[in-house]
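Enquirer: Sequence first, then the predicted structure:
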Amino acid sequence: MNYQVLARKWRPSNFTEVVGQEHVVKSLTNALAHNRLHHAYLFTGTRGVGKTTLARILAKAINCENLQDFNPCGVCPICRAVDEGRFLDLIEVDAASRTKVEDTRDLLDNAQYAPNQGRYKVYLIDEVHMLSGHSFNALLKTLEEPPPHVKFLLATTDPQKIPVTVLSRCLQFNLKRLLPEQILAQMRVILEQENIAFEVAALKLLARAADGSMRDGLSLLDQAIVFGAGSVTLDDVHAMLGTIARQPVAEILLALANQNAAAIFATINEMADLTSDFSDVLAQILQILHRVALAQYLPGSVGQDFDGDRVAELAAALKPEDVQLYYQIGLLGQRDLDLAPDQRSGFEMVILRMLAFNPATISGPAVQPVAISAPAPIPGVATPMAQKHYPPASLPLGKAIGIEPSIKEAPLGRPASQWMDMIATMRLGGMTRELANNCVLESLDDKACTLRLDPGHLQLRGAVAEEKLQKALHVYCGKPVKLIINAEKITVDTPAKQLHKEREDRQQAAVDAINSDENVQALKEHFDARVLSGSIEPV
């Protein structure tokens with residue numbers, strides 16, 4: 001007695017039985033209803049989502065003698081011939097095994113002849129992306145202007161490899177990956193019809209393992225039935241897939257919330273007897289953390305693919321910030337798991353990292369913030385601008401620095417360091433800062449700010465830079481101030497020159513400090529060492 005696998009036995013024979021591709025089914029049935037059939041269809045999507053099945057149903061529907069609500073009837077001679085694989089006008093081609101241009105030409109030579117049984121001669125080319133470039137070129141003309149009795153149905157898992165000239169001639173449908181809930185529902189229907197005992201928890205695990213493919217899910221279901229001697233139980237599925245139940249994974253997270261390292265490693269020892277695939281364990285932890293984060297921020301958004309009570313318990317036990325931290329650590333650990341000496345030690349290090357980086361694990365008295373004093377200045381070296389403290393950006397600048405709207409007139413010949421402080425306080429950037437750094441302040445009162453710019457730097461002047469500088473002065477002064485820039489020779493140092501001198505002084509101080517260091521002198525004396533020019537930078 002020949003056994004037919006579930007994936008073939010329960011393959012949909014009409015549009016109504018197709019699971020999870022409603023957007024494609026609706027388009028095809030509407031095309032049949034309004035007699036607007038395209039001459040070339042392209043079905044794309046991952047493996048096992050129904051590309052070839054939909055193509056066969058469409059081939060059957062356009063030739064069916066008695067459509068039922070635009071569904072093939074399944075009982076007419078044509079429908080039966082298609083189901084039994086003996087319909088002469090449905091030419092199925094596996095492009096993976098017929099990639100040569102000669103095969104394509106032989107195929108198209110028969111396209112000009114009228115169909116034998118049905119209304120249309122249908123060419124179903126599976127894995128069409130495997131055709132060679134010459135084969136695609138041979139197909140182009142016929143694909144664009146086929147005889148009225150010919151339809152092309154193409155299917156592929158990799159549409160990126162198909163030339164755009166072919167894509168533009170086809171009506172393309174992208175089939176979606178199936179949700180675990182959809183695969184689970186179909187499995188239940190099949191097992192009930194087959195009178196096979198099952199546990200819903202086992203089907204949930206199989207549906208997740210199918211990874212969006214109905215065919216993969218039914219193949220796993222076939223394997224589970226054989227493994228379980230005619231029934232599908234959770235323990236058998238765990239043993240077959242080499243996975244562990246989610247209960248120990250949830251126990252690890254609960255122990256992690258309580259910082260109970262002993263309980264965590266006791267659970268890991270128990271899991272080691274069940275599985276050696278700790279990458280799967282880590283993946284399950286990440287999945288649960290994802291569900292927990294959703295439950296914390298969007299209650300009610302957690303689906304039914306995992307125990308909702310357990311998710312709620314973990315959401316209450318774990319802090320939201322800890323969930324994010326654990327997820328990030330687990331994600332990086334999953335990437336590096338293959339680099340560990342073995343998977344278990346790599347997994348244990350990920351768990352230890354989660355314990356170590358949790359602030360709650362710090363023992364002893366509360367850690368007080370440490371006041372860090374500024375380093376002692378080097379004699380003769382000006383304090384760098386980076387060490388100065390400026391008000392936070394969240395405050396209005398005028399109020400943050402304590403400037404009232406009314407200001408006093410600045411005397412002529414104001415020191416350049418005052419203009420440097422104003423530039424730093426106004427937080428200028430880009431070309432605006434360059435313009436200000438190459439100017440000196442002549443005068444500042446409640447009506448105007450007069451600057452002097454060396455004629456050699458006139459290229460820095462620009463409408464945008466001057467407008468931004470005027471706005472910054474407005475905020476600094478607390479009232480509108482007119483900006484006047486005079487092009488005159490400058491005899492004093494501009495902020496740009498002062499900054500350059502400061503950098504040179506710091507560099508020279510760093511070089512002198514290295515050359516006078518006792519350790520460096522000893523290295524030079526005993527090992528004939530030398531300091532590489534240009535390798536010294538000030539800290």
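Expert: Structure's in. What do you need?
Enquirer: Kindly provide the distance from E270 to I252.
Expert: Per Cβ to Cβ, to the nearest Å, E270 is found 11 Å from I252. From N, CA and C alone the C-beta is placed, and that goes for glycine too.
Enquirer: neighbour-wise, which of the two wins?
Expert: Remark: of E270 and I252, I252 carries more neighbours, 22 against 12, as counted by other Cβ atoms under 10 Å.
Enquirer: How about the contacts made by the more buried one?
Expert: 264, 267-268, 285, 351 (Cβ atoms under 8 Å, 6 or more residues apart in numbering).
Enquirer: Can you flag which of those belong to helices?
Expert: 264, 267-268, 285, 351 (DSSP state H).
Enquirer: out of the residues you listed, who has the most neighbours?
Expert: Busiest of the ones in helices among the contacts of I252 [other Cβ under 10 Å] is I285, holding 25 neighbours.
Enquirer: Read off the pLDDT value for it.
Expert: Listed pLDDT for I285 reads 89.
Enquirer: Now do the contacts for it.
Expert: With Cβ under 8 Å, 6+ apart, I285 has these contacts: 249, 252-253, 326, 330.
Enquirer: Highest neighbour count among the residues you listed?
Expert: Among the contacts of I285, the one with the most neighbours (other Cβ under 10 Å) is Y326, at 25 neighbours.
Enquirer: That one: what secondary structure?
Expert: Classification of Y326 by DSSP: H, G, I helix; E, B strand; the rest coil places it in helix.
Enquirer: what do you get for I91?
Expert: strand.
Enquirer: what about it, distance to L37?
Expert: 18 Å.
Enquirer: now do A261
Expert: Taking Cβ to Cβ, one finds A261 at 66 Å from L37.
Enquirer: With V511 instead?
Expert: 82 Å.
Enquirer: Next, format the contacts of I252 as JSON lines and append distance to R80.
Expert: Formatted as JSON lines, the contacts of I252 follow (distance: Cβ to Cβ, whole Å):
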{"residue": "I264", "distance to R80": "61"}
{"residue": "T267", "distance to R80": "57"}
{"residue": "I268", "distance to R80": "58"}
{"residue": "I285", "distance to R80": "52"}
{"residue": "I351", "distance to R80": "60"}
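Enquirer: how does this protein divide up, domain by domain?
Expert: 6-174, 180-241, 246-358, 405-492 (automatic domain parsing).
Enquirer: Determine how far the last residue of the first one lies from the first.
Expert: With Cα to Cα, to the nearest Å as the measure, domain 6-174 spans 25 Å from end to end.
Enquirer: The residue positioned nearest the centre of the chain: which element?
Expert: Note on the chain: the residue nearest the mean C-alpha position is L331, at 12.5 Å, using Cα atoms, centre = their mean. Of the helices and strands defined by DSSP states H and E, L331 is found in helix 320-336.
Enquirer: starting at the chain centroid, how far to that helix?
Expert: Taking Cα atoms, centre = their mean, to the nearest Å, the mean C-alpha location of helix 320-336 is offset from the chain mean by 15 Å.
Enquirer: Which other helices and strands does it contact?
Expert: Contact here means 3 or more Cβ pairs under 8 Å, 6 or more residues apart in numbering; DSSP states H and E; on that basis helix 320-336 packs against helix 246-257, helix 278-297, helix 343-356.
Enquirer: repeat that with 6 Å
Expert: Under the contact criterion of 3 or more Cβ pairs under 6 Å, 6 or more residues apart in numbering; DSSP states H and E, helix 320-336 touches helix 278-297, helix 343-356.
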